[in-house]
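Undergrad: sequence first, predicted model second:
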Amino acid sequence: MSESHKIKTPQKNTISRRKFIKNSSILLGGISIVPRHVLGKGFTAPSDKINVGFIGLGKQGGILAKKFLSNTDVQIVAGAEVWLPKQEWFKGVVEKLYAEKRGVNTYRGVETYTNYQDLMARKELDAVVIATPDHWHAIQSIDAMNAGKDVYCEKPMVNTIKEGRAMVKALKKNKSVLQVGSMQRSWGRFKKAKEIVESGKLGKIKKVIVNVGDPARPYDLPAEKLPQGIDWNLWCGPAPLLPYNKILAPKIVEGYPRWRYYREVAGGVLADWGTHMFDIVQWCLGMDHTGPVTYVPPQDPKAVRGLKMYYENGVEMVHEDFGRHWGVRFIGEDGSMDVSRKYLETNPSSIISGYKINMEALFKDNGNHYQDWIDAIKSRKQPICDVETGHRSASICSIANIAYELNETLHWNPHKEKFKRNRKANKMRIRKSRKF
């Protein structure tokens with residue numbers, strides 16, 4: 001990671017702002033006594049608000065903006081995006097929602113930028129939401145923390161192992177608050193799954209099957225004419241300067257773009273969904289600060305399923321399709337459990353029926369992963385999916401991709417974060433950044 005990408009913004013203004021928020025009940029003075037009804041519909045006292053900027057204003061940025069707009073103590077003030085049409089789209093969406101929320105005809109108050117560093121130079125900005133492609137996450141998160149901002153970073157938190165550890169160090173150095181967008185930890189069905197595993201009702205867990213998508217593949221799309229309104233050099237950033245193709249980065253915000261598939265900028269669907277489902281395994285097994293120590297790929301070098309992973313305590317985790325789309329199957333000595341966004345079932349069924357769960361209510365409970373971050377900013381405590389957690393879940397995806405690519409058994413030391421006796425694999429813990 002190039003030092004040229006780091007922001008050296010002094011932190012004293014942000015730190016005083018943090019103290020101001022934390023001690024607001026004592027220090028707000030005249031501002032705090034302004035009744036909320038005086039400020040009008042949809043307003044909160046200025047001292048209660050967290051000023052947030054968004055980096056990455058495409059599909060996911062828009063989704064997250066709507067999530068955060070439901071939190072009245074957040075004020076979205078700015079956004080950064082290399083696509084000019086997406087800047088305009090995001091600004092329009094946010095300002096329209098603010099106008100509707102406040103019962104006015106128009107609202108103006110969201111500034112947009114092409115370079116995210118211009119956004120982060122704003123002193124009144126308390127925090128940033130990063131929803132860019134994966135290859136940008138680490139650089140932008142570290143720059144933000146060095147600039148005194150707190151961070152909400154989309155999953156997978158990083159694209160390489162060493163980037164993850166660098167983010168952990170940056171957080172400790174700056175005393176930042178970081179939430180990873182692995183929001184399943186806030187959902188009721190996954191909380192209940194964790195409770196069931198920890199209760200011992202499945203017996204000792206022997207094996208876990210995780211069904212997520214394919215490993216990353218090399219970029220192979222044909223070059224197309226670069227459309228107007230995009231800084232393609234900045235989109236590629238630290239990654240190789242790839243030939244433009246609309247499948248990689250479409251101009252119009254519709255479905256999810258497919259940059260997630262390609263090794264140069266992401267970790268494949270294995271990482272895109274793995275940091276949801278492997279993350280649930282880590283959480284339920286109490287492995288948030290470690291991970292599997294042995295990775296055994298399938299014999300067929302072309303296989304995209306079949307990787308076996310073993311924890312130090314002997315639990316086996318397999319990347320395999322068990323016939324129920326993306327999800328996790330826990331297999332214990334006394335029973336099994338399947339969990340995903342669409343189901344939570346045990347075998348025997350008596351295990352879960354004993355909880356007398358209202359399934360309809362449980363599946364409506366998606367918690368509030370976003371307010372959890374905001375609350376953490378105010379308390380200065382880490383949120384439910386913190387930087388170390390995000391790093392460890394992303395590491396599993398990175399190592400899985402390396403194992404599939406090299407097609408050889410890997411022995412991983414999760415304490416030293418090194419492969420044993422494998423120079424080639426160790427070199428793949430980081431990728432050389434392009435100068436741009």
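TA: Ah, there it is.

Undergrad: helix, strand or coil for the residue lying closest to residue 388 once chain neighbours are set aside?
TA: Distances taken as CB to CB, 6 or more residues apart in numbering put residue 168 closest to residue 388, at 5.7 Å, once the chain neighbours are dropped. For glycine as for every other residue, the C-beta is placed from the backbone atoms N, C-alpha and C. Under the three-state scheme (DSSP: H, G, I helix; E, B strand; the rest coil), residue 168 adopts helix.

Undergrad: residue 168 contacts residue 391, doesn't it?
TA: Yes - at 5.6 Å, residue 168 counts as touching residue 391 under the criterion of CB atoms under 8 Å.

Undergrad: more neighbours, the two?
TA: Neighbours were tallied for residue 168 and for residue 391 using other CB atoms under 10 Å; the higher tally belongs to residue 391 (26 against 18).

Undergrad: what packs against the helix or strand where that one lies?
TA: For residue 391, the enclosing helix or strand under DSSP states H and E is helix 387-406. In terms of contact count using 3 or more CB pairs under 8 Å, 6 or more residues apart in numbering; DSSP states H and E, helix 387-406 is assigned the packing partners helix 161-174, strand 178-180, helix 268-285, strand 294-296, strand 410-413, helix 423-427.

Undergrad: quick one: it to helix 268-285, angle?
TA: Between the axes of helix 387-406 and helix 268-285, defined by axes from the mean of the first three to the mean of the last three CA atoms, to 10 degrees, the angle is 130 degrees.

Undergrad: can you check what pLDDT the model gives residue 252?
TA: Per-residue confidence for residue 252 comes out at a pLDDT of 76.

Undergrad: same thing with residue 154?
TA: 98.

Undergrad: these two touch, right, it and residue 183?
TA: No - under the criterion of CB under 8 Å, residue 154 makes no contact with residue 183, lying 10.0 Å away.

Undergrad: still on that earlier bit, any idea how far residue 401 is from the residue nearest to residue 388?
TA: Here residue 168 is placed at a distance of 20 Å from residue 401 (CB to CB, to the nearest Å).

Undergrad: hang on, the earlier thing: what's the angle between the helix holding residue 391 and helix 161-174?
TA: Interaxial angle, helix 387-406 versus helix 161-174 (the same axes, to 10 degrees): 170 degrees.

Undergrad: that older thread, ok, the residue nearest to residue 388 - contacts?
TA: Residues in contact with residue 168, defined by CB atoms under 8 Å, 6 or more residues apart in numbering, are 387-388, 391.

Undergrad: how does it look with 10 Å?
TA: With contacts taken as CB atoms under 10 Å, 6 or more residues apart in numbering, residue 168 has the following neighbours: 157-158, 178, 386-388, 390-392.

Undergrad: and residue 431, by the same measure?
TA: For residue 431, counting by CB under 10 Å, 6+ apart, the contacting residues are 1, 135, 159-160, 162-163, 238-240, 263-264.

Undergrad: model confidence score at the residue nearest to residue 388, please.
TA: Note on residue 168: pLDDT of 98.

Undergrad: buried set for the strand or helix carrying residue 233?
TA: Element membership of residue 233, judged by DSSP H and E, is helix 232-236. Using 16 or more other CB atoms under 10 Å as the burial criterion, the residues of helix 232-236 that qualify are 235-236.

Undergrad: thought residue 120 was touching residue 51?
TA: No - the pair residue 120 / residue 51 is not scored as a contact, 12.0 Å apart, by CB atoms under 10 Å.

Undergrad: residues that sit against both of residue 154 and residue 183, list them.
TA: Between them, residue 154 and residue 183 share the neighbouring residues residue 64, with contact defined by CB under 10 Å, 6+ apart.

Undergrad: tell me where the model's unsure across the stretch 1-150 of the chain.
TA: Across the stretch 1-150 of the chain, residues meeting the criterion (pLDDT under 70) sit at 1-48, 71-72.

Undergrad: those strands in it, which residues are they?
TA: Using DSSP state E, counting those that start in this stretch, the strands of the stretch 1-150 of the chain run over residues 50-55, 74-80, 111-113, 127-130, 150-153.

Undergrad: among these, which is nearest residue 95?
TA: Comparison of these against residue 95 by CB to CB identifies strand 74-80 as nearest, at 9.3 Å.

Undergrad: I'd like to know which elements that closest one is packed against.
TA: Packing contacts for strand 74-80, counted by 3 or more CB pairs under 10 Å, 6 or more residues apart in numbering; DSSP states H and E, involve strand 50-55, helix 59-69, helix 84-102, strand 111-113, helix 116-120, strand 127-130, helix 369-379.

Undergrad: what angle separates the last one from strand 74-80?
TA: Counting by the same axes, to 10 degrees, helix 369-379 lies at 100 degrees to strand 74-80.

Undergrad: next one: the second one
TA: Angle of helix 59-69 versus strand 74-80, following the same axes, to 10 degrees, is 160 degrees.

Undergrad: any idea how far helix 59-69 is from the chain center?
TA: A distance of 13 Å separates the C-alpha centroid of helix 59-69 from that of its chain, computed with CA atoms, centre = their mean, to the nearest Å.

Undergrad: what angle sits between it and helix 84-102?
TA: For helix 59-69 against helix 84-102, the angle by the same axes, to 10 degrees is 20 degrees.

Undergrad: buried stuff in helix 59-69?
TA: Applying a neighbour-count criterion of 16+ other CB under 10 Å, the buried positions in helix 59-69 are 59-62, 64-65, 67-69.

Undergrad: related to what we said a few turns ago, need the overlap of contacts for residue 168 and residue 391.
TA: Contact criterion CB under 10 Å, 6+ apart; residues shared by residue 168 and residue 391: 157-158.
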